[in-house]
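Trainee: Based on what follows, work out the 3D shape:
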Amino acid sequence: MTTITDQKSLLVVMWLLTWTYAALCDHLTLTFPSWVSYLGLGIVLGAQPIALLLVAGTMVVYHWAWAQWRKPGLGDGDIDLMVQYALLFGVETTSRWLILACGLALVAHNRGNAPQAFIPWLAISAGLFWI
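Mentor: Below is the predicted model:
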């Protein structure tokens, strides 16, 4: 079992709790409050203000562009979570995390062509990877 031993592990727990809230909202309504994305980004990059401003500016632009797309395959929140995970843990760990999340989602999906909330699977697999 992983424990909170330093500031980085505390930030990871805060980040996981933030996205767990988003996962619960997404599971129930297929949407979540947008402030979760920005709070999560602040938790991940709070100690690096220039990187935070650059990534937050990029997020604003792609959130606007995402709203113009008719039927995206993923929600913009899914992308936010994936980018933040990659910033926290690196690309290699992110690839393994995504394989687990996609596997969980595929095994559990039984609604035909109905949309499925993906953030809950991302949050569950992030929690499993952290433990």
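Trainee: use CA for all of it now, contacts and neighbours both
Mentor: Will do.
Trainee: ok, the residue most central in space within the chain - contacts?
Mentor: In the chain, the residue lying closest to the centroid (CA atoms, centre = their mean) is residue 81, at 1.9 Å. Residue 81 makes contact with 19, 37, 119, 122, according to CA atoms under 8 Å, 6 or more residues apart in numbering.
Trainee: now swap in residue 129 and tell me
Mentor: Contacts of residue 129 (CA under 8 Å, 6+ apart): residue 97.
Trainee: Check the secondary structure at it for me.
Mentor: Of the three states, residue 129 takes helix according to DSSP: H, G, I helix; E, B strand; the rest coil.
Trainee: Okay, it and residue 71: tell me how far apart.
Mentor: 30 Å (CA to CA, to the nearest Å).
Trainee: got it, and residue 36?
Mentor: For residue 36, the distance to residue 71 - CA to CA - is 22 Å.
Trainee: higher neighbour count, the two?
Mentor: residue 36 (19 against 9; other CA atoms under 10 Å).
Trainee: Do I have it right that that one meets residue 16?
Mentor: No. Residue 36 sits out of contact with residue 16 when judged by CA atoms under 8 Å, with a separation of 11.0 Å.
Trainee: Give the buried residues for the longest helix seen in the chain.
Mentor: In the chain, with assignment by DSSP state H, the single longest helix is helix 7-29. Across helix 7-29, burial judged by 16 or more other CA atoms under 10 Å covers 11-16, 18-27.
Trainee: Which residues does stretch 12-31 contact?
Mentor: With CA under 8 Å, 6+ apart, stretch 12-31 has contacts from 4, 32-33, 36, 39-40, 43-44, 81, 116-121, 123, 126-127.
Trainee: ok, now stretch 51-62?
Mentor: With CA under 8 Å, 6+ apart, stretch 51-62 has contacts from 38, 41, 42, 45, 46, 80.
Trainee: just stretch 98-106 next, same as before
Mentor: For stretch 98-106, using CA under 8 Å, 6+ apart, the contacting residues are 118, 121, 122, 124, 125.
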